[in-house]
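J.: what follows is a predicted structure for the sequence shown.
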Amino acid sequence: METVSVKNMVCDRCVMVVKQQVERLDLSLQKVTLGEVIFLQEITAAQKALLRDTLTPFGFEVIDDEKTRIAESIKHKIIYLVHSRESMMSNNLSNMLSLELNNSYSYLAGVFSEVTGSTIQKYYIAQKIERVKELLDYDELTLSEIADRLNYSSVAYLSNQFKKITGFSPSTYKQLKNGKRISLDKL
């Protein structure tokens, strides 16, 4: 079995596109998950090059560097945590990442900063703010419900963080309906 890490997979549609493209290559595919393609057996260097050439036109990159792979894994864990309806974080972010990626948080934070030029916490906040924008655009939940869903300690804390990042209060953003959301792979 071999796992190949893929950069820029940020949603279920990305998983679907990658899966379709890999299936066309007729390789021994087991499954595709967010950021990973898992094969039933090891693939050759030529097959990996073919995979790279197949995925690149769709905006995906096969990752060979271990530190980049770790940074992408951190991103995928955060994306899943923030954007999944089932996510109810019972542990804090640092503990969750350490447990799931089997490394100390200080090591993970150092690698993430080295690879991305930003901190894990800033990336996490950016993801949460994009999720808040999305939920405000849907106009189905109150700000209190959004704060609860995204584990903010209060509506005031959510509002302050939202304004700090976007320049607007959540209510102003909602009134403007400006929809200036950032693509997840650009965060």
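T.: Done, it's in.

J.: ok, now how distant is K122 from L40?
T.: As for K122, its distance to L40 is 38 Å (criterion: CB to CB, to the nearest Å). For the C-beta atoms, the positions are set from N, CA and C on the backbone; glycine is no exception.

J.: more neighbours: the two, which one.
T.: For K122 versus L40, the count of surrounding residues by other CB atoms under 10 Å is larger for K122: 15 against 12.

J.: where's that one, which helix or strand?
T.: In this assignment (DSSP states H and E), K122 forms part of helix 120-138.

J.: same question for that helix, mean pLDDT?
T.: Mean pLDDT, helix 120-138: 92.

J.: in the helix or strand that it is followed by, which residues are buried?
T.: Once the chain leaves helix 120-138, the next helix or strand it forms, by DSSP H and E, is helix 143-149. Going by neighbour count (16 or more other CB atoms under 10 Å), the buried part of helix 143-149 is L143, I146, A147.

J.: what's the following helix or strand after helix 143-149?
T.: Next element after helix 143-149 (DSSP H and E): helix 155-166.

J.: quick check, central residue of this structure?
T.: I79 (3.1 Å; CA atoms, centre = their mean).

J.: next one: K77 from Y123, what distance?
T.: Taken as CB to CB, the span from K77 to Y123 is 11 Å.

J.: and the most far-flung residue of the chain relative to its centre, how close does it get to F58?
T.: Most distant from the centre of the chain: A46, at 28.9 Å, with distances by CA atoms, centre = their mean. For A46, the distance to F58 equals 20 Å [CB to CB].

J.: do K128 as well
T.: According to CB to CB, K128 and F58 sit 27 Å apart.

J.: more neighbours: which of those two?
T.: Ranked by neighbour count (other CB under 10 Å), K128 and F58 place K128 first, with 22 against 13.

J.: which stretches of this structure have low pLDDT?
T.: Applying pLDDT under 70 to the chain picks out residues 85-91, 177-187.

J.: domain ranges for it?
T.: Here the domain assignment for the chain is 2-63, 122-186, based on automatic domain parsing.

J.: without its sequence neighbours, what residue ends up closest to the residue nearest to the centre of the chain?
T.: The shortest distance from I79 to any non-neighbouring residue, by CB to CB, 6 or more residues apart in numbering, is to V10 (5.8 Å).
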